[in-house]
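Asks: got a sequence here, can you build the structure:
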Amino acid sequence: MAKAKTQFVCQNCGAVHSKWSGRCDNCGEWNTLVEQVANSGSSSVAKASSSGQPLKVQSIKDMAVDDMSKRIPTGAPDLDIVLGGGILPGAVVLLAGQPGIGKSTLLLQVTAYIAKTTSVLYVSGEESASQVKLRAGRLGAESSEKLDFAASTSANDIAATIRGGQYDLVIVDSIQTLALDEITSAPGTVSQITNSSNVLIRAAKETGTAVILVGHVTKEGSIAGPKVLEHLVDVVLQFEGDRYGGFKIVRAAKNRFGSTNEAAIFEMFEEGLRPVENPSAALLAERNPADGSVVLATLEGTRPLLVEIQALVNPTSFGYPKRTASGFDLNRLNVLIAVMERRTKLNLSDKDIYINVVGGLKLNDQAADLAICMAIASAAAGRRLDDETVVFGEVGLGGEVRSVPGVDKRVAEAKKLGFKLAIAPKIHSKNTFIKPVADLRTALIDYLQK
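Replies: As a prediction, this is how the structure comes out:
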């Protein structure tokens with residue numbers, strides 16, 4: 001019998017190599033090539049070229065539109081907003097996050113709520129029935145009559161169950177554990193993830209069953225597996241936050257049925273995840289005003305938040321100063337420090353600088369620039385900013401303070417929590433609550449006086 005031909009496929013980019021090497025020539029990643037049985041492509045292509053049938057087309061104006069009111073509510077209003085109003089029948093959602101952050105906990109809570117009125121199947125490829133039963137008991141989900149469970153790693157069996165049409169929602173935890181019988185490679189490889197996802201998505205679209213797939217992430221925080229996985233699904237949700245405490249945030253990185261500018265904020269308790277009703281008050285509850293402490297008015301999606309920015313500036317003990325940022329991009333921090341040294345004449349070249357965003361949040365808002373700069377200057381000079389002041393604004397390389405979106409929401413949130421004024425870009429000076437600043441030097445001179 002002839003020996004089966006093998007090939008080496010990169011698990012990061014999917015590139016095919018004829019022989020193994022330590023580094024993929026296409027994407028540059030190390031130790032990502034896995035041996036697989038090669039498919040005979042030429043005969044398959046020749047057969048496919050003569051076996052197709054003409055498509056049945058229809059006018060776009062005569063096409064039926066699905067009723068958006070049939071969305072399935074999750075029981076968490078903030079999560080429904082992130083999804084665009086709930087889970088749409090026939091939609092495929094990919095939920096990804098760090099290990100232990102609470103993906104399975106959140107999904108079991110959601111399925112327990114949905115199973116009160118809708119038939120739900122929870123498929124686990126990672127845990128046994130007894131393990132899921134223990135979590136369900138802790139979360140109060142064990143009494144749900146319409147919630148069924150199955151332990152399986154076969155994508156064929158799961159797709160056949162979906163095609164049965166008896167479930168309105170199917171949870172698959174996780175896509176990296178599934179395997180198709182027709183493919184010889186191990187679960188979690190590029191070919192298994194891609195083909196298993198395709199089989200499940202086809203079954204979901206044929207029957208109108210909503211499917212939620214749990215995805216793993218890499219050490220860098222990106223979704224594990226081929227990028228095509230994110231293109232295949234309808235919605236990609238990112239579960240972010242500190243696994244050991246603080247707030248957990250669910251964001252939509254992709255959403256075919258709604259906005260990607262929304263965020264749901266949760267907090268973990270013994271009985272599961274709870275939505276945070278007033279995150280700004282919770283984030284500022286333990287604030288101890290001191291030099292280096294500045295309150296930032298930021299936006300998580302379209303939701304305004306007040307977050308404390310802390311800075312610590314010390315003389316460096318070595319030749320090269322250390323810069324550390326928790327919750328803020330380190331590259332952006334280095335740019336802001338360079339702007340401060342150039343435009344304000346503040347000497348930071350011999351100082352270690354540490355930045356912390358309280359609450360475990362990760363800021364992606366350009367309006368945090370001014371707050372970061374004022375916190376660093378406050379810590380370096382030993383001067384405090386007024387306790388009843390919030391700060392927001394983008395800082396350019398020329399030291400100018402630029403406008404940011406969502407000013408009215410930021411101001412309204414600050415007023416609600418008792419703040420008296422906001423230091424913000426000059427373009428927003430029509431609002432009497434705002435003290436406008438045109439450049440970074442003016443902001444530091446005028447408001448760091450204590």
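
Asks: off-centre distance for stretch 88-105?
Replies: Remark: stretch 88-105 is offset 10 Å from the chain centroid, using CA atoms, centre = their mean, to the nearest Å.

Asks: could I get the average pLDDT for it?
Replies: The average pLDDT within stretch 88-105 is 92.

Asks: ends of it, what's the gap?
Replies: Using CA to CA, to the nearest Å, the end-to-end distance of stretch 88-105 comes out at 21 Å.

Asks: with stretch 101-120 instead?
Replies: Span of stretch 101-120 from end to end, CA to CA: 23 Å.

Asks: over to stretch 154-173?
Replies: 12 Å.

Asks: let me know the average pLDDT across it.
Replies: For stretch 154-173, the per-residue pLDDT averages 94.

Asks: what comes up buried for it?
Replies: 154-155, 158-159, 161-162, 167-173 (16 or more other CB atoms under 10 Å). Bear in mind the C-beta positions are built from the backbone N, C-alpha and C, glycine included.

Asks: of the residues you listed, which belong to helices?
Replies: Per DSSP state H, helices hold the following members of those: 155, 158, 159, 161, 162.

Asks: which SSE is immediately downstream of the helix or strand hosting residue 369?
Replies: Residue 369 belongs to helix 368-381 when elements are defined using DSSP states H and E. Using DSSP H and E, the helix or strand that directly follows helix 368-381 along the chain is strand 389-391.

Asks: that next one pairs with which strands, and in what direction?
Replies: Strands that pair with strand 389-391, judged by DSSP bridges, come out as strand 293-300 (parallel), strand 421-425 (parallel).

Asks: show me what the last one is in contact with.
Replies: Pointing back at strand 421-425 there. 297, 370, 374, 386, 388-394, 401-404, 407, 410-411, 414, 433-438, 443, 447 (CB atoms under 8 Å, 6 or more residues apart in numbering).

Asks: list only buried entries from those residues.
Replies: Counted by 16+ other CB under 10 Å, those give 297, 370, 374, 389-394, 401-402, 404, 407, 410-411, 414, 433-437, 443, 447 as buried.

Asks: ok, for residue 261, nearest residue in space, not its chain neighbours?
Replies: Spatial nearest neighbour of residue 261, excluding adjacent residues (CB to CB, 6 or more residues apart in numbering): residue 301 at 4.8 Å.

Asks: how much space separates that neighbour from residue 253?
Replies: According to CB to CB, to the nearest Å, residue 301 stands 12 Å off from residue 253.

Asks: pLDDT below threshold where in this protein?
Replies: Residues of the chain meeting the criterion pLDDT under 70: 1-4, 39-51, 65-69, 449-450.

Asks: where does the most centrally placed residue in it fall, secondary structure wise?
Replies: A centroid search over the chain (CA atoms, centre = their mean) returns residue 238, at 2.6 Å, as the residue closest to the centre. Per DSSP H and E, residue 238 falls inside strand 235-241.

Asks: list the helices and strands that strand packs on?
Replies: helix 77-83, strand 92-97, strand 247-255 (3 or more CB pairs under 8 Å, 6 or more residues apart in numbering; DSSP states H and E).

Asks: let's see it at 6 Å
Replies: strand 92-97, strand 247-255 (3 or more CB pairs under 6 Å, 6 or more residues apart in numbering; DSSP states H and E).

Asks: alright, I will stop here.
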